[in-house]
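**Q** My questions are about this predicted structure, shown below with the sequence.
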Amino acid sequence: MPDATTAERERRNGAVAEVTALLADYAACIDADELEAWPDFFTADCHYKITTAYNHAKGLPVGLIYAHNRAMLEDRVVALRKANVYEPQRYRHIVSTPRIKGGGITGGGITGLAEDVIEAEAGFLVVRTMHDGTQDLFASGLYLDRIDLSGNRPRFARKIVVLDSDRVDTLLAIPL
Amino acid sequence: MTGSAAAPASAPASSEAPPLWPEAGYTHIPFALYDDPAIYARERERIFMGPTWHYLALDCEIPEAGDYKATTVGDMPVVVVRARDGGINAFENRCAHRGAQLCLERFGNARAFTCVYHAWSYDEAGKLIGVAFEKGVKGEGGMPPSFDRGDHNLRTLRTATRAGLVFGTFDHGAPALDDYLGPEICGRIDRVLPKPAKVLGYNTQVLRNNWKLYAENVKDPYHASILHLFFTTFRVNRLTQKGGIIVSESGAHHVSYSMLDGEDADAEYRAAKLRADSDEFGLREPALLEGRDEFGDGITLQILSVFPGLVLQQIRNNLVVRQIVPTGPDRAEVVWTHYGFGDDDAALTELRLRQANMVGPAGYVSMEDGAVGAFIQRALPGAGGRRSVLLMGGEDVGSQDSRTTETSIRGFWKMYRGLMDL
């Protein structure tokens, strides 16, 4: 971490606290199967993508899920509830402490970002528990987030979920 | 490991055992074919090393001399290499010395392939060109005088390319690729690969089932509107739709397709867009259904399979090569390679990426395909001696206009049974 004044450190720690709370709420929402509330963690014109570390590193754009606004996330929830067939299953997210990559709140470092935007990344693990009790480490990866603080609550303006592995066991129904 | 009373998998069946496949034809499929290790081993020998062609790569993945891709034929590791003369070579990814894997990376570029273990090295055609300490050290050790490098080349595959798809076969006496595919399948491959492709990304779906259950599912249009409820749930009017099934003369390969004429395709999108505002069951973002008739023939869906393990898929503008990889009697993987073309504009790329939501492990229209094979696999215990039934659309193998048919699955088993000699 670069040298920083006390004021800068305080701003950064404030950003860490803000993002930590958002990620905790986000993970709890999915893990509690409250998917109807999931799209509201995003801005109306958000970009949400689940990709793999390989594709991400090579600049290959395809995603496992690729949404260019919140309406597409709402459609996905309806599809999961009403259309798609998959066995009952739950996730348990463990999310690391976020690293602040930039944004207005850090008092500089990344140019071109508004005061009320934070860019952050956090590692995650997801354990999947199937209805019969089978448990597996389903996914690990990195959240690459851009968070918009301008609304009535912090929301993801962009969330790129970068899976460490190319392999997905059977299917990825519930979002990450 | 302690001693076990269980007979080895390859042991011949006892004389009292009933025949594995008593019925003639392709309408009754023994469940034992999906989990028997002896069958799995026989498939490796007779199908994957037999007179069949296997997808190895898109030629755009290895454009420059020395570019290689490590992949598999069945579960056997192979490397496919762009040669200096522009041709494509393929050989086993296994050192002839001690059998270690030669290429450890998925993609790379190499002038020669050198084993990390004892530095035996091979040229771009798999020919052994170097043996470390071949003459020993200071006159001691080394290979005996009788050692001939020429006896230790890597086992090669014959390769051939169709419309940018690179295929390989271990059987140097196999029919020519185009004859293996037949003219109708060739035409349908060319249709979705009319110009140089560009890879848009990869992923791998792990299946907890035998590879054949996925291969059959791809050839099964009967299940599509029953298992996959996405379109009906969102009341996307399919305005149904001309289409049909083409089965190659051998039975081995198939194409299932459907078409809307251009106006209807747009109408589908416009109707969905109208509903988005008024209908609680409509799609909130109908842009998912937006597409271009990029091949100019109104075909909005084409699923093509090449026996045993290639699927080439067009769903509107989403184009994918799927490679089915057996990884054990009860495990398989599907490697998804999304592609577009070098001259795609940004808007077309965006359409492909949006429509990619339909397919793959998280696909609206296909995630169930990753699970349904496992539902069968799990229920196999006790099914020995019983058979699955494939009578929809008759008992024959052939092209049909109806898609409520299992004709192309029967075609798979026609080819399979002939090769396996069961």
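**A** Looks like it came in fine.

**Q** Residue B:27 against residue B:395, yeah?
**A** Yes. Between residue B:27 and residue B:395 there is a contact under CB atoms under 8 Å: 5.2 Å. Just so you know, the C-beta spots here come from the backbone N, C-alpha and C atoms, and that holds for glycine as well.

**Q** Leaving out chain neighbours, which residue sits closest to residue B:383?
**A** Sequence neighbours aside, residue B:31 is the residue nearest to residue B:383 in space, at 3.8 Å (criterion: CB to CB, 6 or more residues apart in numbering or on different chains).

**Q** any idea how far the one you found is from chain A?
**A** To chain A, residue B:31 is 21 Å away according to CB to the nearest CB, to the nearest Å.

**Q** dump the residue contacts of that residue.
**A** Neighbour list for residue B:31: B:380, B:383-388 [criterion: CB atoms under 8 Å, 6 or more residues apart in numbering or on different chains].

**Q** hmm, 6 Å instead?
**A** B:380, B:383, B:386 (CB atoms under 6 Å, 6 or more residues apart in numbering or on different chains).

**Q** Just confirm the second one is within a strand.
**A** The reference is to residue B:383. No. Applying DSSP: H, G, I helix; E, B strand; the rest coil, one finds residue B:383 to be coil, outside a strand.

**Q** give me the number of residues near it?
**A** 15 (other CB atoms under 10 Å in any protein chain shown).

**Q** separation between the residue nearest to residue B:383 and residue B:145?
**A** Distance of residue B:31 to residue B:145, computed by CB to CB, to the nearest Å: 56 Å.

**Q** How about residue B:230?
**A** 69 Å.

**Q** Name the residue in these two with the higher neighbour count.
**A** Between residue B:230 and residue B:145, residue B:230 has the larger neighbour count (other CB under 10 Å), namely 21 against 6.

**Q** near chain A, which residues of chain B?
**A** Residues of chain B lying close to chain A (CB under 6 Å from any CB of the partner chain) are B:200-201, B:203-206, B:229-230, B:233, B:283-285, B:338, B:353, B:356-357, B:360-362, B:364, B:367-368, B:370-371.

**Q** Now, the residues you listed that are in strands?
**A** By the criterion of DSSP state E, membership of the residues of chain B next to chain A in strands covers B:200-201, B:203-206, B:338.

**Q** of those residues, closest to residue B:154?
**A** When these are compared for distance to residue B:154 (CB to CB), residue B:204 wins out at 25.6 Å.

**Q** Next up, the contacts around the closest one.
**A** By CB under 6 Å, 6+ apart, the contact set of residue B:204 is A:166-167, B:333, B:335.

**Q** what stretches of chain A score poorly on pLDDT?
**A** A:1-3, A:104-113 (pLDDT under 70).

**Q** ranges for the strands of it?
**A** Under DSSP E, chain A gives strands at A:42-52, A:65-67, A:89-95, A:99-103, A:117-130, A:135-148, A:155-163, A:167-169.

**Q** among those strands, which is nearest chain B?
**A** For the strands of chain A, the distance to chain B is smallest for strand A:167-169, at 4.0 Å, taking CB to the nearest CB.

**Q** elements contacting the closest one?
**A** In terms of contacts (3 or more CB pairs under 6 Å, 6 or more residues apart in numbering or on different chains; DSSP states H and E), strand A:167-169 is packed against strand B:197-207.

**Q** mind saving the C-alpha coords of the strand it packs on as CSV?
**A** C-alpha atoms of strand B:197-207 as CSV (Å, rounded to 0.1, in the frame of the first residue of the first chain):
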residue,chain,number,x,y,z
ALA,B,197,-13.9,-17.4,-36.7
LYS,B,198,-12.7,-15.6,-33.6
VAL,B,199,-13.0,-17.1,-30.1
LEU,B,200,-15.2,-15.1,-27.6
GLY,B,201,-14.5,-17.3,-24.6
TYR,B,202,-14.5,-20.7,-23.0
ASN,B,203,-16.0,-22.5,-20.1
THR,B,204,-16.3,-26.2,-19.0
GLN,B,205,-19.4,-27.8,-17.6
VAL,B,206,-18.8,-30.9,-15.4
LEU,B,207,-21.4,-33.6,-15.9
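
**Q** other SSEs contacting the helix or strand following it?
**A** Beyond strand B:197-207 on the C-terminal side, the first helix or strand identified by DSSP states H and E is helix B:211-218. Helices and strands touching helix B:211-218, as assessed by 3+ CB pairs under 6 Å, 6+ apart, comprise strand B:318-328, helix B:367-378.

**Q** so how far is helix B:211-218 from its chain's centroid?
**A** The chain centre lies 10 Å from the centre of helix B:211-218; the measure is CA atoms, centre = their mean, to the nearest Å.

**Q** Which strand residues bridge whichever residue of chain B sits closest to chain A?
**A** For chain B, the residue closest to chain A is residue B:201, as judged by CB to the nearest CB, at 3.2 Å. Beta bridges link residue B:201 to residue B:338, judged by DSSP bridges.
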